[in-house]
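1. have a look at this prediction, sequence included:
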Amino acid sequence: MAGRIPQSFIDELIARADIVEIIGARIALKKSGREFKACCPFHSEKSPSFWVSPDKQFYHCFGCGAHGTAVGFLMEYEKLSFVEAVEDLAQRAGLELPREARDARNSGANDSRADLHQVMSQAAQFFAQNLSDNARAQAYVHKRGIEPETAKKFALGYATDSWNALLNRFGSQEADRQRLLQAGLIIERERRGNEREGGHYDRFRDRLMFPIRDSRGRVIAFGGRILDQGEPKYLNSPETPLFHKGSELYGLYEARQAHGDFKRLMIVEGYMDVVRLHQAGITYAVATLGTATTQEHLNKIFRLSSEVVFCFDGDRAGRQAAWRALDNALPLARDGRELRFLFLPDGQDPDSLVGAEGMEAFEARLSTAMPLSEYLVQQLLAQTDLEHADGRAKLAALAKPLFTRMPDGVLRELLADRLAAEIRMPASKLKQLLLVGAKPEESPTGSQPMRRSPERMSAGRRNMLSQAISLVLHHPPAAHAVEDPDALSGLDKPGISVLQTLIQQARESKQASTATLLERWRDAPEYERLAELAEEAALVPDVEAAGRELRMAVQKLIETWGPGHRTNELLRKAEELGLNSDEKTELSLLLKSRNQPLPKS
């Protein structure tokens with residue numbers, strides 16, 4: 001359908017929708033206080049961990065991390081597109097679905113995002129054509145064992161050995177160059193001294209290109225591998241408005257295209273590993289993007305499958321990566337989830353091994369993958385000598401910070417039993433010692449999620465910016481207590497624009513609620529973090545209290561991160577390291593506004 005859905009219509013639709021009725025028509029909900037609970041429809045479980053809040057018009061599963069509004073539930077449960085879910089809700093509410101080519105919301109940030117998506121799509125097509133036209137790049141793909149159908153499936157491409165091929169093709173106008181720059185496809189030339197060198201150059205040169213796609217199949221970034229010798233071997237797109245590497249997984253889109261439901265997902269380290277595994281029929285492989293596996297990665301995976309296998313090279317680097325993955329996975333190691341670790345023979349990686357032995361032999365190795373608890377214990381045992389009491393005490397000391405990060409449940413009890421057998425003491429006594437001084441966790445699967453009380457707001461559980469954002473999300477009318485939202489514009493703190501935008505959205509909307517605010521951020525990289533804050537209990541009980549706290553939080557942010565913050569930062573750098581010419585000019589202007597002299601260099 002042509003056109004776009006006006007934001008005002010979506011706000012009204014969310015305000016009219018009854019999320020309890022919508023979800024209750026599909027799964028059995030049981031009232032518990034002011035909320036409703038059920039066994040999660042998105043993963044297997046025996047005790048309820050799925051909660052629906054009629055106040056927030058929001059659902060959340062403490063087991064698998066699934067969350068969202070009525071629109072999000074229909075998309076996930078019924079496998080609908082966004083437009084289809086909106087149409088479904090509109091029919092229920094007896095509303096006719098309007099269409100507009102453009103509206104006030106789409107003329108700003110979302111238009112800019114759409115422009116970047118178009119730029120990335122054009123770049124992907126350009127790289128794919130380059131691969132078709134370049135015999136050397138084709139020979140490299142063939143040498144790596146990649147078949148033409150696989151290259152097409154993953155939209156592989158080639159960035160030519162040129163400093164400006166992409167720039168010349170798509171950057172003829174200044175506005176075009178700015179979009180390429182914002183998309184991370186070109187780099188601005190550095191200035192040297194007082195010289196004002198202009199211009200840009202291509203980020204990717206003489207590299208096999210791997211497009212990274214989001215859940216809708218849109219290209220949001222690239223990974224580029226050098227064809228011959230050179231450093232770095234792999235080069236990724238930088239962080240952009242479309243791409244945050246700590247939350248994206250290479251190959252997840254392709255895996256979802258191949259599977260309706262996942263028995264498991266396997267995390268490997270490289271682009272080429274994913275491509276070759278999919279080609280061999282192991283179409284549940286995904287890869288992190290040059291970074292450790294994060295909790296955001298795992299939350300995304302656990303919405304699709306309760307079983308994760310980490311597959312790493314058997315060398316030292318692979319084992320270090322595995323330990324980092326384990327460390328990040330511990331808080332998510334809840335009952336009903338299975339996390340295992342598979343280490344390949346020395347000198348082998350998934351790419352080479354699946355090429356040598358095929359799908360069946362490779363999958364047979366999965367039966368040897370170690371459960372998280374066993375891998376954890378083995379790694380700790382390697383650092384201790386259990387023949388002596390000191391060594392056994394050291395094992396307990398090493399285990400304590402890891403043990404306390406795990407959610408309460410059967411898995412943690414079994415781990416305590418396993419450790420107790422090695423330390424040679426009763427499991428109940430060991431568990432008591434391991435939990436001494438541990439902070440209570442929010443219940444992930446219990447009968448009632450533990451709530452954060454309002455008086456703990458000032459205890460530092462969240463930073464001031466997160467507190468302010470949470471207040472707006474839980475009590476949107478409180479945004480009217482902020483006298484001058486524009487005062488946030490000049491603050492030198494990442495994320496401040498999110499707060500300012502939320503305040504403006506809450507003030508402008510006549511039907512602002514937690515759900516309507518979240519729907520405005522559905523396609524934004526910040527959505528997951530905002531949803532996490534929405535999942536938590538409100539910091540204060542009512543709008544009036546939220547207004548007071550929000551006003552104080554905004555004032556504190558202005559005092560802490562206002563223009564004076566940048567001045568003090570530059571003064572410290574001038575004293576310790578010295579400033580370059582641009583920084584001296586900036587400091588001079590800042591000090592001039594305060595009628596202070598520039599310090600001697």
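-> Looks like it came in fine.

2. in the protein, which residue is closest to the centre?
-> residue 247 (2.6 Å; CA atoms, centre = their mean).

3. ok, that one - contacts?
-> Residue 247 makes contact with 294, 296-297, 300, 525, 528, according to CB atoms under 8 Å, 6 or more residues apart in numbering. C-beta: built from backbone N, CA, C; applies to glycine.

4. what ranges does the stretch 451-600 of the chain have for its helices?
-> Secondary structure of the stretch 451-600 of the chain (DSSP state H, counting those that start in this stretch): helices at 464-474, 496-508, 514-519, 527-535, 543-561, 563-576, 581-593.

5. redo those as CSV? Include distance to residue 267, mean neighbour count and mean pLDDT.
-> CSV is the format used below for the helices of the stretch 451-600 of the chain (distance: least, CB to CB, whole Å; neighbours: other CB atoms under 10 Å; pLDDT from 0 to 100):
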stretch, distance to residue 267, mean neighbour count, mean pLDDT
helix 464-474, 28, 24, 90
helix 496-508, 29, 19, 90
helix 514-519, 28, 24, 91
helix 527-535, 18, 19, 87
helix 543-561, 37, 18, 86
helix 563-576, 38, 14, 69
helix 581-593, 42, 14, 72
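
6. including distance to residue 226, could those helices go into a markdown table?
-> Below are the helices of the stretch 451-600 of the chain laid out as a markdown table (distance: least, CB to CB, whole Å):
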| stretch | distance to residue 226 |
| --- | --- |
| helix 464-474 | 39 |
| helix 496-508 | 36 |
| helix 514-519 | 41 |
| helix 527-535 | 32 |
| helix 543-561 | 41 |
| helix 563-576 | 35 |
| helix 581-593 | 33 |
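
7. nearest to residue 124 among the ones you listed would be which one?
-> Set against residue 124 and scored by CB to CB, these come closest in helix 527-535, at 23.6 Å.

8. packing partners of that closest one?
-> strand 58-61, strand 67-68, helix 464-474, helix 514-519 (3 or more CB pairs under 8 Å, 6 or more residues apart in numbering; DSSP states H and E).

9. repeat that for 7 Å
-> strand 67-68, helix 464-474, helix 514-519 (3 or more CB pairs under 7 Å, 6 or more residues apart in numbering; DSSP states H and E).

10. got the angle for the second one vs helix 543-561?
-> For helix 464-474 against helix 543-561, the angle by axes from the mean of the first three to the mean of the last three CA atoms, to 10 degrees is 150 degrees.

11. so how far is helix 464-474 from its chain's centroid?
-> A distance of 19 Å separates the C-alpha centroid of helix 464-474 from that of its chain, computed with CA atoms, centre = their mean, to the nearest Å.

12. buried subset of the contacts of residue 247?
-> Listed as buried from the contacts of residue 247 are 294, 296-297, 300, 525, 528; burial here means 16 or more other CB atoms under 10 Å.

13. can I get the residues you listed in TSV including distance to residue 567?
-> What follows is the buried ones among the contacts of residue 247, written out as TSV (distance: CB to CB, whole Å):
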residue	distance to residue 567
294	35
296	35
297	39
300	41
525	30
528	34
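
14. returning to that earlier point: nearest to residue 64 among the contacts of residue 247?
-> For the contacts of residue 247, the residue nearest residue 64 by CB to CB is residue 300; the value is 10.5 Å.

15. and for the strand or helix carrying the closest one, what are the contacting residues?
-> Here residue 300 sits within helix 295-302, counting by DSSP states H and E. Helix 295-302 has contacts (CB atoms under 7 Å, 6 or more residues apart in numbering) with 64-65, 246-247, 249, 265, 288, 308, 328-329, 331-332, 337, 528.

16. so which residues of the stretch 151-300 of the chain form strands?
-> Secondary structure of the stretch 151-300 of the chain, counting by DSSP state E, counting those that start in this stretch: strands at 157-159, 186-188, 200-202, 207-213, 219-226, 234-236, 265-268, 285-287.

17. can you say which of those strands is nearest to residue 125?
-> strand 157-159 (8.2 Å).

18. so what strands line up beside the closest one?
-> Strand 157-159 pairs in its sheet with strand 207-213 (antiparallel), by DSSP bridges.

19. can you give me how far the strand it pairs with is from the chain middle?
-> Taking CA atoms, centre = their mean, one finds the center of strand 207-213 at 20 Å from the center of the full chain.

20. need the mean per-residue confidence for it.
-> Strand 207-213 carries an average pLDDT of 97.

21. any stretches of the stretch 1-150 of the chain with poor pLDDT?
-> Counting by pLDDT under 70, the ranges of the stretch 1-150 of the chain that qualify are 1-3, 99-111.

22. count of neighbours near residue 338?
-> Other residues lying near residue 338 total 15 when counted by other CB atoms under 10 Å.

23. and it, its phi and psi?
-> Backbone torsions for residue 338, taken as degrees, to the nearest 10, come to phi -130, psi 120.

24. test for you: state the pLDDT assigned to the nearest residue to residue 315 once chain neighbours are set aside.
-> The spatially closest residue to residue 315, leaving aside those adjacent along the chain, is residue 346, at 6.2 Å (CB to CB, 6 or more residues apart in numbering). Model confidence at residue 346, expressed as pLDDT, equals 86.

25. tell me how far residue 346 lies from residue 312.
-> Here the distance between residue 346 and residue 312 works out to 12 Å (CB to CB, to the nearest Å).

26. between the two, which one's more packed in?
-> Neighbours were counted for residue 346 and for residue 312 using other CB under 10 Å; residue 312 has more, 22 against 10.

27. before we move on, the earlier item: closest to residue 55 out of the helices of the stretch 451-600 of the chain?
-> Nearest to residue 55 among those is helix 514-519 (7.9 Å), distances taken as CB to CB.

28. the closest one: how far from the chain's middle?
-> 19 Å.

29. try stretch 298-315
-> Worked out by CA atoms, centre = their mean, stretch 298-315 lies 15 Å from the chain centre.

30. return the set of buried residues in it.
-> Quick answer for stretch 298-315 (16+ other CB under 10 Å): 298-314.

31. can I get that stretch as CSV, trimmed to CA atoms?
-> Below are the C-alpha coordinates for stretch 298-315, written out as CSV (Å, rounded to 0.1, in the frame of the first residue of the first chain):
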residue,chain,number,x,y,z
LEU,A,298,21.6,-13.0,23.5
ASN,A,299,18.2,-11.4,24.3
LYS,A,300,17.6,-11.2,20.6
ILE,A,301,18.5,-14.9,20.1
PHE,A,302,16.5,-16.1,23.1
ARG,A,303,13.4,-14.6,21.5
LEU,A,304,13.9,-17.2,18.7
SER,A,305,15.3,-20.2,20.5
SER,A,306,16.0,-21.5,24.0
GLU,A,307,19.2,-23.2,22.9
VAL,A,308,22.4,-21.4,22.0
VAL,A,309,25.7,-23.0,21.0
PHE,A,310,28.8,-20.9,21.1
CYS,A,311,31.3,-22.3,18.5
PHE,A,312,34.9,-21.0,18.7
ASP,A,313,38.3,-21.9,17.3
GLY,A,314,40.3,-24.0,19.7
ASP,A,315,43.2,-21.6,20.0
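
32. cool, thanks, talk later.
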